[in-house]
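Trainee: for reference, the sequence and a predicted model appear below.
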Amino acid sequence: MARNTILQAKKVKTVNTAKKSSTGQGKEGASRPGRVRGPGSRGWGGRGGGAAALVPAVREYRGTTVQVCGLWPFSSGTSSPMIGVPLGRHEETQATVCCDPISWFQRAHLISNPSAFILGKPGLGKSTLVRRMLLGLSGQGVHPLVLGDLKAEHVDAVEALGGQVIRLGRGRGYLNILDPGQAVEVAQLLEEQGHHDAAVRVRADAHGRRLNMVVSLITISRNSPPTDQEQTILDRALRVLDDTFNGIPVLKDLLDVITAAPAELRQVALDRGDMTVYLQETRALEATLLGLTGGGKLGEIFSRQTTNPMRRDRAVVFDVSSIDETETDLQAAILLACWSYGFGTVNVANALADAGLEPRRNYFVVLDELWRALRSGKGMVDRVDALTRLNRSVGVGQVMISHTMSDLLALPAEEDRMKARGFVERSGMVICAGLPASEMPLLTAAIPLSRQEQQKLISWQDPPSWDSRGGDVEPPGRGKFLIKVGGRPGIPVQIGLTSIEASLNDTNKRWHTPAQTLLDAAAPIREEGAA
């Protein structure tokens, strides 16, 4: 009985409310008509309404204005930039994604400096992405420079472009770190043409790079940088060597100058006329240089004349794949030597172009396996920073490649860790492949990432599904990258390879011919004609 009374009261209240709205006696009834119920942005709400909890993204198609003119006004511009090297398709909308650091800096003005930093676990396609960029930029007139290829991954691509392959290693090729390259000839040419200031700058740049490389090799050999007095002695010894030596000197000639103890070196050594003091100040320096010239853990790669001088008018790759993975110090040393040699050649080309003696050339520099050089010794972060900081002013676009943020931050000194993180923060764009969940706090401290973007990167690093039939199953994140520029939303892209690129991106050549199995080796070999 009570339940029926409550229902009747509710029914009377509803009827009264309806009458009040229809007669206009409410507070707002006289000025506003009754509200008509309609669907929301996701459909009809309520039970049985069918509202969509997730609205799928609309697939995008690209066409010219002639092809899609009949679709107006339902056509619009693409959501991803269309300036640069075509990388692939947007993972969600399937729209074409074009991206490279030089085009986005020079033409699109989307980034403040022409540099990119690529992070991702091994085997997910970082080298494939870089090859796509260097092939596309080469077609636009930019010369790719791969300054240290530890796995010979870019050799085929550079050879296909008609570029120069410089092979370095024990018994394969040598790189003289005291070789000024083309700086001497270019400086003389500039002086003959009346550009004296430019000639002075070219010589000073060559001297500074040679000094930095000698200091870097000593740092790697000792696992600690040389003292300030030793660096001053090296600087003066290089100047004495340039004034007195005919030809291109090597490290043995630099050691001979220090051993000869000329007056200029004794003056900066502050021996006060006492030869014993000079010998004490230079003993450790002579021992280190003797190890660099006579073998040691860095071998003789840097102590002989350069076997294959670098050219500045085409693509170049330094093939250092013959160096074993266990020789980490030698790998770091040869990477730094290649970087210094390459940037020195770029400065020479810019000096000639500024003087109007050669056409202007832009270069795309690839710095692979960055973490190897950073871990080689204290102070190496400063050397790398000095080599790569002025890319915008010298007309060079560059891409630096490493695996994870942990590789960059696994340095003993706090100031080195901060500078290494600055490589990522200072880059015009950061391109990420699959990364583990433990990397997200380190990565978000350098670049902003939403929760969805973090989950996407974590999902891309999962291994492939089990396949007992032995099929070729790729990891779910292979060829997928997230392009981040500042605080803008990331652009997820799936790299697509052409048939020609597929042959250039084959990094498993040694696995194509199957090895002889134990059963085949144990089977008896029958002679011809045997039953």
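Mentor: Happy to help now that I have it. Residues are numbered from 1 along each chain as shown.
Trainee: just the residues contacting the helix or strand hosting Met418, thanks.
Mentor: Using DSSP states H and E, Met418 sits in helix 414-426. Here helix 414-426 makes contact (C-beta atoms under 8 Å, 6 or more residues apart in numbering) with 113, 115, 117, 119, 370, 374, 378-379, 381-382, 384-385, 388-389, 400, 405, 408-409, 411, 430, 445-447. C-beta coordinates here come from the backbone N, C-alpha and C atoms, glycine included.
Trainee: the same query, at a cut-off of 7 Å, please.
Mentor: With contact meaning C-beta atoms under 7 Å, 6 or more residues apart in numbering, helix 414-426 is reached by Phe117, Leu374, Val381, Asp385, Met400, Leu408, Leu409, Leu411, Val430, Ala446, Ile447.
Trainee: can I get those residues in a markdown table with secondary structure, distance to Arg236 and neighbour count?
Mentor: Output for these, formatted as a markdown table (DSSP: H, G, I helix; E, B strand; the rest coil; distance: C-beta to C-beta, whole Å; neighbours: other C-beta atoms under 10 Å):
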| residue | secondary structure | distance to Arg236 | neighbour count |
| --- | --- | --- | --- |
| Phe117 | strand | 38 | 26 |
| Leu374 | helix | 29 | 25 |
| Val381 | helix | 26 | 23 |
| Asp385 | helix | 25 | 16 |
| Met400 | strand | 34 | 21 |
| Leu408 | helix | 35 | 27 |
| Leu409 | helix | 37 | 18 |
| Leu411 | coil | 31 | 20 |
| Val430 | strand | 42 | 22 |
| Ala446 | coil | 41 | 20 |
| Ile447 | coil | 44 | 21 |
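Trainee: quick one: which of the residues you listed is nearest to Arg239?
Mentor: Closest to Arg239 out of the contacts of helix 414-426 is Asp385 (25.1 Å), distances taken as C-beta to C-beta.
Trainee: pLDDT value on the residue nearest to that closest one when sequence neighbours are not counted, please?
Mentor: Sequence neighbours aside, Lys419 is the residue nearest to Asp385 in space, at 5.8 Å (criterion: C-beta to C-beta, 6 or more residues apart in numbering). pLDDT, Lys419: 78.
Trainee: okay, and Val493 sits in which element?
Mentor: strand 491-495.
Trainee: tell me which other helices or strands whichever strand or helix holds Ile218 touches.
Mentor: For Ile218, the enclosing helix or strand under DSSP H and E is helix 196-222. Helix 196-222 makes packing contacts with helix 183-192, helix 228-244, helix 275-293, helix 328-354, helix 380-388 when contacts are defined by 3 or more C-beta pairs under 7 Å, 6 or more residues apart in numbering; DSSP states H and E.
Trainee: out of those helices, deepest packed?
Mentor: helix 328-354 (a mean of 22; mean count of other C-beta atoms under 10 Å).
Trainee: run the angle between that helix and helix 183-192 for me.
Mentor: Here the directions of helix 328-354 and helix 183-192 differ by 10 degrees (axes from the mean of the first three to the mean of the last three C-alpha atoms, to 10 degrees).
Trainee: below-threshold pLDDT in the stretch 251-400 of the chain: ranges please.
Mentor: 295, 299, 376-380, 383, 386-393 (pLDDT under 70).
Trainee: right, I mislabeled it, should have said the stretch 51-200 of the chain
Mentor: 57-62, 72-79.
Trainee: same thing but 50
Mentor: Within the stretch 51-200 of the chain, no stretch has pLDDT under 50.
Trainee: and the helix holding Met418, how far out from the chain's middle?
Mentor: Distance of helix 414-426 from its chain centroid, counting by C-alpha atoms, centre = their mean, to the nearest Å, is 15 Å.
Trainee: going forward can the numbers begin at 3, since that is how I track them
Mentor: Got it, the first residue is 3 from now on, which makes the last one we talked about helix 416-428.
Trainee: now that helix: buried residues?
Mentor: Asp418, Arg419, Lys421, Ala422, Arg423, Phe425, Val426, Arg428 (16 or more other C-beta atoms under 10 Å).
Trainee: quick one: the fifth one from Gly122, how far?
Mentor: If I follow you right, that is Arg423. Here Arg423 is placed at a distance of 17 Å from Gly122 (C-beta to C-beta, to the nearest Å).
Trainee: do the same with the first one
Mentor: Asp418 sits 23 Å away from Gly122 when distances are taken as C-beta to C-beta.
Trainee: and Ile120, helix, strand or coil?
Mentor: Following DSSP: H, G, I helix; E, B strand; the rest coil, we place Ile120 in the strand state.
Trainee: wait, doesn't it sit right on His405?
Mentor: No: when contacts are counted by C-beta atoms under 7 Å, Ile120 is not listed as touching His405 (9.7 Å).
Trainee: of those two, who's got more company?
Mentor: Higher neighbour count among Ile120 and His405: Ile120, with 25 against 20, using other C-beta atoms under 10 Å.
Trainee: is that one bridged to anything, and to what?
Mentor: Ile403, Ile433 (DSSP bridges).
Trainee: which residues does it contact?
Mentor: Lys128, Leu131, Val401, Ile403, Ile433.
Trainee: please name the residues that touch Gly48.
Mentor: Per C-beta under 7 Å, 6+ apart, neighbours of Gly48: none.
Trainee: distance of the closest residue in space to Pro478 that isn't next to it in sequence relative to Ile433?
Mentor: Using C-beta to C-beta, 6+ apart and skipping residues adjacent in sequence, the residue nearest Pro478 is Asp464, 5.6 Å away. Relative to Ile433, Asp464 is positioned 19 Å away (C-beta to C-beta).
Trainee: cool, and Ala357?
Mentor: 36 Å.
Trainee: against which helices or strands is the helix or strand hosting Leu256 packed?
Mentor: Element membership of Leu256 [criterion: DSSP H and E] is helix 253-262. With contacts taken as 3+ C-beta pairs under 7 Å, 6+ apart, helix 253-262 sits against helix 230-246, helix 277-295.
Trainee: so where's the stretch 403-533 of the chain uncertain?
Mentor: 517, 519-521, 523-525, 527-533.
Trainee: ok so, going back, contact partners of the next helix or strand after the helix holding Leu256?
Mentor: Next helix or strand after helix 253-262 toward the C-terminus (DSSP H and E): helix 265-271. Contacts to helix 265-271, defined as C-beta under 7 Å, 6+ apart, come from residues Thr234, Ile235, Arg238, Ala239, Val242, Ile260, Tyr280, Glu283, Thr284.
Trainee: turn the residues you listed into a markdown table, including distance to Gly164.
Mentor: As requested, the contacts of helix 265-271 are exported to a markdown table (distance: C-beta to C-beta, whole Å):
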| residue | distance to Gly164 |
| --- | --- |
| Thr234 | 45 |
| Ile235 | 45 |
| Arg238 | 43 |
| Ala239 | 41 |
| Val242 | 42 |
| Ile260 | 43 |
| Tyr280 | 53 |
| Glu283 | 51 |
| Thr284 | 48 |
